[in-house]
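> pasting a predicted model and its sequence here:
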Protein chains: 2
Amino acid sequence: MDRIRGDSGGARGRVALASNLQLETCKLNPETRPVRWEKVTLIGVGLLGGSLGLALKRRRLAGQVVGFVRRRFSVKECERSGAVDRATLDLETAVRDADLIVLCTPIGQMAVLGKQLKPWLRPGAIVTDVGSVKGSVVRDLEGLIRRAGGHFIGSHPMAGSEKTGVSAAREDLFRGALCVVTPTSRSDRGAIRKVERLWEQVGSRVVRLKPALHDDLVSRSSHLPHLVAAALVSQALSPKQRPEQGMLCANGFRDTTRIASGSPEMWRDIALANGLRIDRALGAFISELNRVRSALRSGNQAALSKFLENAKQRRDRWAAGAESHSPE
Amino acid sequence: MDRIRGDSGGARGRVALASNLQLETCKLNPETRPVRWEKVTLIGVGLLGGSLGLALKRRRLAGQVVGFVRRRFSVKECERSGAVDRATLDLETAVRDADLIVLCTPIGQMAVLGKQLKPWLRPGAIVTDVGSVKGSVVRDLEGLIRRAGGHFIGSHPMAGSEKTGVSAAREDLFRGALCVVTPTSRSDRGAIRKVERLWEQVGSRVVRLKPALHDDLVSRSSHLPHLVAAALVSQALSPKQRPEQGMLCANGFRDTTRIASGSPEMWRDIALANGLRIDRALGAFISELNRVRSALRSGNQAALSKFLENAKQRRDRWAAGAESHSPE
């Protein structure tokens, strides 16, 4: 967790951060050799873990898929969903003999789980995760898993939904999505390739980035929009507003705030783990909003037009490019 | 256009505004008597005007539908779309003999068009509009149309899309949407009912609100989200960002920023016409974001959890209610 001490938005902080941002490589891999796992263990079987289990089983990419869950009633729910061959409350049973372990919990739990599963790690096992912040996760787990005889490679499949739990899991959740894989200079090359193949085989486009660059980019593209959507909802749907307020929230509001229905626990962990960068993105965002306020107050038509035209142009161009990436 | 002089976010401004906000009535009308118009004139035939034309013609609610457009190539495009029986560049031809005129242009053009069409207004004709701000539009047009022998009743059908132009028009655009009708104490009761029936007959739920209350509510539910979406796009997709930035914008970003692809001209006019209230909503919104920044900086898990849980609860409750209103 990056705690922020004092204002880090100044020029010095920015330079210090920028020097960490090196793009390693950015490629779509043409390799097609299938990787089949003997035993895949999903640590946490919610929307992402469940969807990965379904995709692995449907494509016969694993001899068996085992889910580790926390609550007794989740064992049956998981098994019934078809996402795992078997679910268990026992970490040793889950982890023993697995050649792939995927951490699918909120990121705040990953370091502790890494320590707990270490004693049962099969030599050479690969451990990855699905967390939305990579710097802190890689820092916490890479050395720990290496010392236990395995390989940790961070992943961030950029797929999801505002829905939560294994009941929302979908076999095609990862299809057409981007998955960022974040190895470091110490990562095993074979392990990197296997993790990349995992995501490609469930339908994702894979891009390899340094953890710090990933975290910088998603602070603006994902974490900031989430907090902004939550703040819009907090304000418009506050109990302090008049009862008619909710009625006048229409489709635009619905889409703009959809992600505010996501898991609070997951997003709290993300916000805290990437706090420094999100704080900086919020600062720049608030400055932009203050420029809009100035234009409103002075009735500056030209400034408002330019702001809105730029936004439309940038989004239309992005959407056209993003659509060309979409499957089918 | 409300120009804002100085900071109006203080307690005095708020009280002065609140005293204007009186809800007149909020009802879904059970009346089913059909209203059939002889000649409906759409001033401006884009997404909203075009969709209204299609809905009127499909349901045979008008003897004829005429579109007034500005550009020669729009005449053919409009007629080909099926949204009008005929389109014209001549305002007199468009307006003469119409018993219903609907202003479907950006709101900045409505007052001028009202003055221009006045000479040809049929006595007793009803004029309405589809603008997203009601106070300024009603103020500009109510007296003007009355003095010309007609009735002006403001409308705001809360339907739309980020798409623009008659090519995006849809016969069912208004189905299930809320339409706010904003009469004043001087409005003709028969004219109010006819305008309400118009929107009901194209499938909308109608609610009657005072113009000032409407403008206050939409400043938070619609205008603020639009500017926020535009600011998110401006920041994340700025040419100053690294080239990988756009690639890491995924589905959450897509939905949160969809409305930023809307018409810049339309939204510039809305922002300026409701500037006072939007400025106030922006002020409250920025304060909320600054509270989030404080929680991030101090690593305050409890505060972040509460913020995210409140947002999820409020949005889930709203969505459940909004869905129960949806058609089919």
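That came through, no problem. Numbers count the residues shown, from 1 in each chain, chains lettered A, B, ... in the order given.
> C-alpha from now on. contacts and neighbour counts both.
OK.
> A:Lys163 contacts A:Leu47, correct?
Yes. Judged on C-alpha atoms under 8 Å, A:Lys163 makes contact with A:Leu47 at a distance of 7.4 Å.
> of these two, which one has the most company?
A:Leu47 (22 against 16; other C-alpha atoms under 10 Å in any protein chain shown).
> would you map the helices across chain A?
A:11-18, A:47-58, A:72-81, A:91-95, A:110-117, A:135-147, A:189-201, A:211-218, A:224-236, A:251-257, A:264-273, A:275-297, A:301-325 (DSSP state H).
> B:Arg59 is nearest to which of the ones you listed?
helix A:251-257 (24.3 Å; C-alpha to C-alpha).
> so which residues make contact with that closest one?
A:229-230, A:232-233, B:159, B:161, B:221-222, B:225-226, B:229, B:255-259, B:315, B:319 (C-alpha atoms under 8 Å, 6 or more residues apart in numbering or on different chains).
> got it, and stretch A:70-85?
A:44-45, A:50-54, A:57, A:64-67, A:69, A:86-89, A:166-167.
> which of these come close to chain B?
Among the contacts of stretch A:70-85, no residue lies close to chain B (C-alpha under 8 Å from any C-alpha of the partner chain).
> and the stretch 51-200 of chain A, which residues reach chain B?
Going by C-alpha under 8 Å from any C-alpha, the residues of the stretch 51-200 of chain A near chain B are A:Met158, A:Ala159, A:Ser161, A:Ala177, A:Leu178.
> okay, now the unreliable bits of the stretch 201-328 of chain A?
Residue ranges of the stretch 201-328 of chain A with pLDDT under 70: A:323-328.
> residues contacting the closest residue to A:Asp215 other than its chain neighbours?
Spatial nearest neighbour of A:Asp215, chain neighbours left out: A:Val133 (5.8 Å); criterion: C-alpha to C-alpha, 6 or more residues apart in numbering or on different chains. Under the criterion of C-alpha under 8 Å, 6+ apart, the contact list for A:Val133 reads A:Ile107, A:His156, A:His214, A:Asp215, A:Ile270, A:Ala273, A:Asn274.
> need phi/psi at A:Val133.
phi -120, psi 140 (degrees, to the nearest 10).
> what's the local residue count around the closest residue to chain B within chain A?
Residue of chain A nearest chain B, by C-alpha to the nearest C-alpha: A:Thr256 (3.8 Å). Residues lying near A:Thr256 (other C-alpha under 10 Å) number 30.
> tell me the pLDDT at the residue nearest to A:Ser132 when sequence neighbours are not counted?
In this structure, A:Ser132 finds its nearest non-sequential neighbour in A:His156, 5.7 Å apart by C-alpha to C-alpha, 6+ apart. A:His156 carries a pLDDT value of 98.
> show me what contacts A:His156?
A:His156 neighbours (C-alpha under 8 Å, 6+ apart): A:Asp129, A:Val130, A:Gly131, A:Ser132, A:Val133, A:Lys134, A:Cys179, A:Val180, A:Val181.
> ok, and the most crowded of those?
Result: A:Lys134 is most packed of those (other C-alpha under 10 Å), 30 neighbours.
> isn't it right next to A:Asp215, touching?
Yes. Using C-alpha under 8 Å, A:Lys134 is in contact with A:Asp215, at 6.3 Å.
> what's the local residue count around A:Ala295?
22.
> check contacts around it.
Neighbours of A:Ala295 in contact, by C-alpha under 8 Å, 6+ apart: A:Gln301, A:Ala303, A:Leu304.
> how about 7 Å then?
The contact partners of A:Ala295, taken as C-alpha atoms under 7 Å, 6 or more residues apart in numbering or on different chains, are A:Ala303, A:Leu304.
> any regions of the stretch 1-150 of chain A where pLDDT drops low?
A:1-33.
> would you mind measuring from the residue nearest in space to the middle of chain A to B:Ala177?
For chain A, A:Ser132 is the residue whose C-alpha lies nearest the centre (C-alpha atoms, centre = their mean; 2.8 Å). Separation of A:Ser132 from B:Ala177 (C-alpha to C-alpha, to the nearest Å) stands at 36 Å.
> show me which residues of stretch A:228-241 are buried.
Neighbour counts over stretch A:228-241 (16 or more other C-alpha atoms under 10 Å in any protein chain shown) mark A:Val228, A:Ala229, A:Ala230, A:Ala231, A:Leu232, A:Val233, A:Ser234, A:Gln235, A:Ala236, A:Leu237, A:Ser238 as buried.
> chain B next: which of these are close?
Residues of those in contact with chain B (C-alpha under 7 Å from any C-alpha of the partner chain): A:Ala230, A:Ala231, A:Val233, A:Ser234, A:Gln235, A:Ala236, A:Leu237.
> distance of the residue lying closest to A:Trp37 once chain neighbours are set aside from A:Ala83?
Leaving aside its sequence neighbours, A:Trp37 sits nearest to A:Ala62 (C-alpha to C-alpha, 6+ apart; 4.5 Å). A:Ala62 is 12 Å from A:Ala83, where distance means C-alpha to C-alpha.
> ok, these two, which is more surrounded?
A:Ala83 (31 against 18).
> returning to what we had before: for B:Asn290, which of the helices of chain A is the nearest?
Per C-alpha to C-alpha, nearest to B:Asn290 of those: helix A:275-297, 8.4 Å.
> list the buried ones in the closest one?
A:275-286, A:288-290, A:292-293, A:295-297.
> ditto for stretch A:241-253
A:Gln245, A:Gly246, A:Leu248, A:Cys249, A:Ala250, A:Asn251, A:Gly252, A:Phe253.
> try stretch A:255-265
A:Asp255, A:Thr256, A:Thr257, A:Arg258, A:Ile259, A:Ala260, A:Ser261, A:Gly262, A:Ser263, A:Pro264, A:Glu265.
> one more: stretch A:302-317?
By neighbour count on 16+ other C-alpha under 10 Å, the buried set for stretch A:302-317 is A:303-305, A:307-316.
> do stretch A:104-121 as well
A:Cys104, A:Thr105, A:Pro106, A:Ile107, A:Gly108, A:Met110, A:Ala111, A:Gly114, A:Leu117, A:Lys118, A:Trp120, A:Leu121.
> in JSON lines: those, plus distance to A:Leu141.
Output for the buried residues of stretch A:104-121, formatted as JSON lines (distance: C-alpha to C-alpha, whole Å):
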{"residue": "A:Cys104", "distance to A:Leu141": "14"}
{"residue": "A:Thr105", "distance to A:Leu141": "14"}
{"residue": "A:Pro106", "distance to A:Leu141": "14"}
{"residue": "A:Ile107", "distance to A:Leu141": "11"}
{"residue": "A:Gly108", "distance to A:Leu141": "12"}
{"residue": "A:Met110", "distance to A:Leu141": "8"}
{"residue": "A:Ala111", "distance to A:Leu141": "6"}
{"residue": "A:Gly114", "distance to A:Leu141": "7"}
{"residue": "A:Leu117", "distance to A:Leu141": "11"}
{"residue": "A:Lys118", "distance to A:Leu141": "10"}
{"residue": "A:Trp120", "distance to A:Leu141": "15"}
{"residue": "A:Leu121", "distance to A:Leu141": "13"}
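> having no further points to raise, I will conclude here.
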